[in-house]
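Colleague: this is the structure alone, sequence omitted:
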């Protein structure tokens, strides 16, 4: 593995001379796959490479306001416009709120699709549901609702991917939102207390569809 600078890393399969370039946020996941230099590890890396390339680094200071959020069609999101908030590659499940906290449940449970709007304050994007802000409360690992504009520590950071989905991180730390099915009626949606991307499949990709 070679550090190319500018947050870029490179590794090479010395048997086939194939090279793979990726951002530092997935370097631990790549190491997981190719540790030991086995043929099987590089075969897995090759099959997951397109997925790994969708991840971009988290800005060191989100206050630079360079992050733009797009809907699934690739259009920049607009204020006061309704969007369905859905999970990508989770066709059997749907998001909603229960007791003020975000969770997932099966479509069969006849829960309505979650419809949200954006509020943009000083170029910072906030998701809103029924006139309440989505945020992460102090000391919590779940997304909940609040009447007040979230503080910096409570904000959600939206990181777009190349396929017009996005990931959600805590604003002040590299802690990402995950999805875990616990029962047919309830799936946990919470922040994973790890500072790097894993390939276990629990990293939650979301998308917005204009209503």
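Modeller: Yep, it's here. Every value quoted in this text rests on a predicted model; they were computed, and no experiment measured them. Residues are numbered from 1 along each chain as shown.

Colleague: care to break this protein down by domain?
Modeller: Listed domain ranges for the chain are 2-52, 62-210 (source: automatic domain parsing).

Colleague: can you tell me which of those the model trusts least?
Modeller: Of all those, mean pLDDT reaches its minimum on domain 2-52 (a mean of 80).

Colleague: just give me how far that domain sits from the chain centre.
Modeller: Centre-to-centre, domain 2-52 and its host chain are 21 Å apart (CA atoms, centre = their mean, to the nearest Å).

Colleague: and residue 184, backbone torsions?
Modeller: Phi and psi for residue 184, reported as degrees, to the nearest 10, are phi -60, psi -30.

Colleague: nearest spatial neighbour of the residue nearest to the spatial centre of the chain, skipping sequence neighbours?
Modeller: What sits nearest the mean C-alpha location of the chain, by CA atoms, centre = their mean, is residue 167, with 1.6 Å. Leaving aside its sequence neighbours, residue 167 sits nearest to residue 159 (CB to CB, 6 or more residues apart in numbering; 4.6 Å). No exception for glycine: its C-beta is placed from N, CA and C like everyone else's.

Colleague: and the one you found, how far from residue 15?
Modeller: Distance of residue 159 to residue 15, computed by CB to CB, to the nearest Å: 34 Å.

Colleague: okay, the two: which has more neighbours?
Modeller: residue 159 (19 against 9; other CB atoms under 10 Å).

Colleague: which SSE is the more buried one in?
Modeller: strand 156-160 (DSSP states H and E).

Colleague: give the other helices and strands that that strand contacts.
Modeller: strand 124-129, strand 132-136, strand 166-170 (3 or more CB pairs under 8 Å, 6 or more residues apart in numbering; DSSP states H and E).

Colleague: wait, residue 49 sits on residue 20?
Modeller: Yes. The pair residue 49 / residue 20 is scored as a contact, 5.9 Å apart, by CB atoms under 8 Å.

Colleague: now the helices and strands packed on strand 156-160 as a markdown table including distance to residue 26?
Modeller: Below are these laid out as a markdown table (distance: least, CB to CB, whole Å):
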| stretch | distance to residue 26 |
| --- | --- |
| strand 124-129 | 24 |
| strand 132-136 | 23 |
| strand 166-170 | 12 |
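
Colleague: which one of the ones you listed lies closest to residue 5?
Modeller: strand 166-170 (23.4 Å; CB to CB).

Colleague: could you point out which element follows that closest one?
Modeller: strand 176-181.

Colleague: how about that following strand: buried residues?
Modeller: If you call a residue buried by 16 or more other CB atoms under 10 Å, then strand 176-181 has these buried ones: 176, 177, 178, 179.

Colleague: show me which of those residues is closest to residue 92.
Modeller: Ranked by distance to residue 92 (CB to CB), these are led by residue 179 at 11.6 Å.

Colleague: just give the nearest non-adjacent residue to the closest one, would you?
Modeller: That would be residue 204: by CB to CB, 6+ apart, it lies 4.4 Å from residue 179.

Colleague: surely that neighbour touches residue 189?
Modeller: Yes. The criterion here is CB under 8 Å, and residue 204 meets it with residue 189 at 6.8 Å.

Colleague: shared neighbours of the two, anything?
Modeller: Common neighbours of residue 204 and residue 189, counting by CB atoms under 8 Å, 6 or more residues apart in numbering, are 177, 178, 179.
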